[in-house]
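In: generate a structure from the sequence data that follows.
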Amino acid sequence: MTTTFTSAATGGPSGAPRPAAAGSPTRASSGAAAPKRRRRPPHTPLNPRPSVPLTLVTGLVLVYTLLPLAWLLINATKDQRGLLDSFGLWFADDVNLWDNVTRTLAYDDGVFVRWLLNTLLYVVAGAGGATVLAVLGGYALAKYQFPGRRAIFAVVIGAVAVPGTALAVPTFLMFSGMGLTNTPWAVIIPSLISPFGLYLMWVFAAEAVPTELLEAARIDGSGELRTFFTIAMPLLAPGTVTVLLFSMVATWNNYFLPLIMIKDPDWYPLTLGLNAWNAQAQTAGGEAVFDLIITGSLLTIVPIVAVFLLLQRFWRSGLAAGSVKE
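Out: Numbering: from 1, shown residues only. Just a heads-up that it's a prediction; the model follows:
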């Protein structure tokens, strides 16, 4: 005996088939079920709703940031007459960028190149040394217990709050007594001290380097130096790059300290050199070279932008994720 189920196929006990709804495809005609529409995920703190006011504010900040750079790039393509006769945010009839660059590098027996080398010296010795001292000091303060640790913390916080201009006169008097003014050491030595960099590395090392990893390395017989260079340094790379960039930008743009320490134009950094070119237009018989000043300013920011792009890959977090089992 065979049993057939006809109610589901015919639509009821009467055996009459149900008519299909108008406009709805049947499985026989379509061959497959209609795909379901994807529902948007609900808005959560991790997936917030877009904010129109916040977007507008971000756009204004972006314009405020990029507008001076656009002005600098556009006006670096103009000659002296084009700077005065054309609109500041648009190009002149002639594009003289390459000519301006060559004239800037060759003007006054190539003194711009000398100022660039001086700036590189101050950055490599000053900012590089400040980064090394900040990494070593921050790691030691974060991972070692010793008497006077809290007092050092208070001194560092107080040093961060003191502006650099307040220390300019005492620093000048001290270096003048030692006979170091008008020398590169008068710029390099003060640049080695970075209270903010030390504090930043202190806080970063306390969280980025698990104490359990250091204890495991010591149990395995690793010395303190080997533990620092093989375990701690890779974990401290994002913080180290951040401190390095802050120190580089501060030293590269430093104007007030070289102004009071250096009188010899041969030891000027770029900031003082461009200011000297700008001041010579106001002196009797001085030559106005505003086109070279703008081109020199553009050349000044190129190395900083290049360094930011090259070091961007080191800004990553989560290097120690999964290394310690809680």
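In: for stretch 124-136, buried residues please.
Out: For stretch 124-136, the neighbour count (16 or more other CB atoms under 10 Å) marks Ala125, Gly126, Ala127, Gly128, Gly129, Ala130, Thr131, Leu133, Ala134, Val135 as buried. All C-beta spots, glycine's among them, are computed from the backbone N, C-alpha and C.
In: pLDDT of it, averaged?
Out: The average of the pLDDT scores along stretch 124-136 is 95.
In: list the contacts of that stretch.
Out: Residues from elsewhere that reach stretch 124-136 (CB atoms under 8 Å, 6 or more residues apart in numbering): 184, 187-188, 190-194, 197-198, 200-201, 236, 239-240, 243-244, 247-248, 250-252.
In: roughly how far out does it sit from the chain middle?
Out: Relative to its parent chain, stretch 124-136 has a centroid offset of 17 Å by CA atoms, centre = their mean, to the nearest Å.
In: just the C-alphas of it, formatted as PDB.
Out: Only the C-alpha atoms of stretch 124-136 are listed here, as PDB (Å, rounded to 0.1, in the frame of the first residue of the first chain):
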ATOM      1  CA  VAL A 124      70.800  63.600  14.200                       C
ATOM      2  CA  ALA A 125      72.900  64.400  17.300                       C
ATOM      3  CA  GLY A 126      70.200  66.200  19.300                       C
ATOM      4  CA  ALA A 127      67.000  64.500  18.400                       C
ATOM      5  CA  GLY A 128      68.600  61.100  18.000                       C
ATOM      6  CA  GLY A 129      70.400  61.400  21.400                       C
ATOM      7  CA  ALA A 130      67.200  62.600  23.100                       C
ATOM      8  CA  THR A 131      65.300  59.500  21.700                       C
ATOM      9  CA  VAL A 132      68.000  57.100  23.000                       C
ATOM     10  CA  LEU A 133      68.000  58.700  26.500                       C
ATOM     11  CA  ALA A 134      64.200  58.800  26.600                       C
ATOM     12  CA  VAL A 135      64.000  55.100  25.700                       C
ATOM     13  CA  LEU A 136      66.600  54.000  28.200                       C
END
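In: what's the ChimeraX line that selects buried ones from the contacts of stretch 124-136?
Out: The buried residues among the contacts of stretch 124-136 can be selected in ChimeraX (16+ other CB under 10 Å) with this line:
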select :184,187,188,190,191,192,194,197,198,200,201,236,239,240,243,244,247,248,250,251,252
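In: from the buried residues of stretch 124-136, which land in strands?
Out: Judged by DSSP state E, those include no members of strands.
In: just the closest of those residues to Tyr64, please.
Out: Tyr64 has its nearest neighbour among the buried residues of stretch 124-136 in Ala127, at 26.9 Å by CB to CB.
In: these two touch, right, Ile262 and Ile188?
Out: No - using CB atoms under 8 Å, Ile262 is not in contact with Ile188, being 11.4 Å away.
In: what helix or strand is the nearest residue to Gln80 once chain neighbours are set aside located in?
Out: Leaving aside its sequence neighbours, Gln80 sits nearest to Asp291 (CB to CB, 6 or more residues apart in numbering; 4.9 Å). Taking DSSP states H and E as the criterion, Asp291 maps to helix 290-310.
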